[in-house]
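Q: here is a sequence with its predicted model. Questions after.
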Amino acid sequence: MLSRASVPRHSIIKKFAGEDIENLDDLIAVISKLSRGARVPLEYVKYTDRYRNKSVLVTIDQHGWYAPPQLYTRNDATGLWNAKLAIPLESPFVVSHRAGHMDANLNSISPLTESSPMDLKCQHESENTADGCVKMQTDEEIAVDGSHSGEDSIIEKKRRRVDEEIAAEGTISSFGDLDDIKDGALRHPSSVEVSDLARTISSNASLAEQVIEPALVMFEVHVPPICMLDGVHSQHFFGTGVIIYHSDCLGLVAVDRNTVAVSISDIMLSFAAYPIEIPAEVVFLHPVHNFALVAYDPSALGAGASVIRAAKLLPEPALRRGDSVYLVGLSRSLQATSRKSTITNPCTAVNIGSADCPRYRAINMEVIELDTFSGILTDEQGRVQALWASFSPAQIWL
């Protein structure tokens, strides 16, 4: 929990969730009042720098990978350490922990018995509404694109743009082909497509970049230490994914397995089109191909749900040698960047040797090699043609 928030070891906790911490009992009392998944501020000092307070945002044991905390007291007569629960069973922390495990068990057996509440809700909505949008993408560890000094201004611009678009139409309509957008500009001068096209011209960004940006997602993945024996070479991963499905009750994001290596992970999603961060769950890991599917709750997006949309997939025709594509990705500051490239070899075979330790590796795949950054490949109208994924190397140097 604290390592996810980058709190150094041996730090001295001064405040937690707005309450002063004087001793261990104070810390336990504060934690017992919090529910799993809550995000609260923590103030601490390092023992080597006690006169400078630092603050971070801590997420409380979102999935409950571990048992409730215990206190151990040494029995001098027997020499044994006696354990007792540190937090009462009726506290919100323990109650929410149990509820999470019950939900996980119900979800695991629901495909064999009956539909889950979310499935029923989606089925009900699908009968009354049109099919949801479709999206998809993938990525690797993103290179740091400069400092974060300009992130506040970027977020403010995105919020302002979202507010203007919502006020204009209420929801954001999906993009069509380039010809459709041009025709729409002539028929409806005030439409959202025209405003996006104008922004494309003014910002010197490619049309593919503007079209695909609402479907791009930045992943922050934390693997708990208990899973480090499962062939995972790191605890923290960053990468870009693409939304392949988005409706009122369910959202799905595709990402490479070098970003989401195992299902037991704490995942936070940051959206390029709207400045918000929400949790997500792994729902599928392909055993041999390099992609995973992650689900999120669209209701957690709030007002941002109207500007998030799925990418339009274009599986046919297949990419050929000499075809021009746009490689679109996200920087760490959630800015969409694109680059035009040409396919030189559309059917390179993946040949990844066995690793030193037993873990996942991609096999039986044909890939496209481009000497560029990670992201997705689109055509000029922003329709997704292929995933541009990173592959976990076979050898790890320790």
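A: That came through, no problem. Treat the numbers as computed from the prediction; the structure is a model and nothing was measured.

Q: and this protein, what are its domains?
A: 1-114, 115-392 (automatic domain parsing).

Q: weakest of those domains by average pLDDT?
A: Mean pLDDT values for the domains of the chain show the minimum at domain 115-392, a mean of 71.

Q: so A303, which state does it fall into?
A: Here A303 is helix, with the state taken from DSSP: H, G, I helix; E, B strand; the rest coil.

Q: tell me how many other residues surround it.
A: A303 is flanked by 12 other residues according to other C-beta atoms under 10 Å. Yep, even glycine has a C-beta here, placed from its N, CA and C like the rest.

Q: please report how far it lies from A215.
A: 18 Å (C-beta to C-beta, to the nearest Å).

Q: likewise V367?
A: 22 Å.

Q: neighbour count: those two, which is higher?
A: A215 (29 against 18).

Q: surely the more buried one touches V328?
A: No - contact criterion C-beta atoms under 8 Å: A215 and V328 do not qualify, at 9.6 Å.

Q: shared neighbours of these two, anything?
A: Listed as contacting both A215 and V328 by C-beta atoms under 8 Å, 6 or more residues apart in numbering is no residue at all.

Q: in the stretch 1-150 of the chain, which spans are strands?
A: 12-16, 19-20, 39-46, 49-59, 70-74, 81-85, 133-136 (DSSP state E, counting those that start in this stretch).

Q: need the winner for burial among those strands.
A: Ranked by mean neighbour count under mean count of other C-beta atoms under 10 Å, the strands of the stretch 1-150 of the chain are led by strand 133-136, which reaches a mean of 22.

Q: please enumerate the helices of the protein.
A: 24-32, 92-109, 117-128, 151-169, 178-187, 192-203, 207-212 (DSSP state H).

Q: before we move on, back to that, okay if I get the strands of the stretch 1-150 of the chain as CSV plus distance to M268?
A: Below are the strands of the stretch 1-150 of the chain laid out as CSV (distance: least, C-beta to C-beta, whole Å):
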stretch, distance to M268
strand 12-16, 20
strand 19-20, 25
strand 39-46, 10
strand 49-59, 8
strand 70-74, 28
strand 81-85, 29
strand 133-136, 19
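
Q: just so I know, which of these lies nearest P287?
A: strand 133-136 (19.0 Å; C-beta to C-beta).

Q: from S263, how far out is V221?
A: 11 Å.

Q: for K340, same thing?
A: Counting by C-beta to C-beta, the gap from K340 to S263 is 36 Å.

Q: hmm, I278 and A300 touching each other?
A: Yes - with contact defined as C-beta under 8 Å, A300 reaches I278; the gap is 4.3 Å.

Q: compare V221 and S263 and say which is more crowded by neighbours.
A: In this view V221 and S263 are compared by other C-beta under 10 Å, and V221 has more residues nearby, 22 against 14.

Q: what's across from the more buried one in the sheet?
A: F237, I267 (DSSP bridges).

Q: hang on, isn't it packed against S234?
A: No - using C-beta under 8 Å, V221 is not in contact with S234, being 9.4 Å away.

Q: which neighbours do those two share?
A: Common neighbours of V221 and S234 (C-beta under 8 Å, 6+ apart) do not exist.

Q: residues of stretch 347-355 that come out buried?
A: A355 (16 or more other C-beta atoms under 10 Å).

Q: mind saving the C-alpha coords of that stretch as PDB?
A: Output of stretch 347-355 as PDB, limited to C-alpha atoms (Å, rounded to 0.1, in the frame of the first residue of the first chain):
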ATOM      1  CA  CYS A 347       4.900 -10.700 -41.600                       C
ATOM      2  CA  THR A 348       7.900 -10.900 -39.300                       C
ATOM      3  CA  ALA A 349       7.800 -14.000 -37.100                       C
ATOM      4  CA  VAL A 350       8.200 -13.600 -33.400                       C
ATOM      5  CA  ASN A 351      11.100 -15.700 -32.100                       C
ATOM      6  CA  ILE A 352      11.500 -15.200 -28.300                       C
ATOM      7  CA  GLY A 353      13.700 -17.700 -26.600                       C
ATOM      8  CA  SER A 354      12.900 -19.400 -23.300                       C
ATOM      9  CA  ALA A 355      13.500 -17.300 -20.200                       C
END
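
Q: about what we covered before: S206: which of the strands of the stretch 1-150 of the chain is closest?
A: Here strand 133-136 is closest among the strands of the stretch 1-150 of the chain (C-beta to C-beta), at 18.5 Å.

Q: quick check: phi and psi at the closest residue to V350 other than its chain neighbours.
A: Nearest residue to V350, sequence neighbours excluded (C-beta to C-beta, 6 or more residues apart in numbering): M365, at 4.4 Å. Phi and psi for M365, reported as degrees, to the nearest 10, are phi -130, psi 150.

Q: tally of neighbours for M365?
A: 16.

Q: ditto for P279
A: For P279, the count of nearby residues is 16 (other C-beta under 10 Å).

Q: tell me if I'm right that it and I267 touch.
A: Yes - counting by C-beta under 8 Å, P279 does reach I267; the two are 6.6 Å apart.

Q: and the nearest residue to M228 once chain neighbours are set aside, what does it touch?
A: Nearest residue to M228 in three dimensions, chain neighbours excluded: Q235, at 7.0 Å (C-beta to C-beta, 6+ apart). Q235 makes contact with 3, 222-225, 228 under the criterion C-beta under 8 Å, 6+ apart.

Q: and Q235, how close does it get to S11?
A: From Q235 to S11 the distance is 18 Å (C-beta to C-beta).

Q: also S55?
A: 12 Å.

Q: mutual contacts of the two, please.
A: Common neighbours of S55 and S11 (C-beta under 8 Å, 6+ apart) are Y44.
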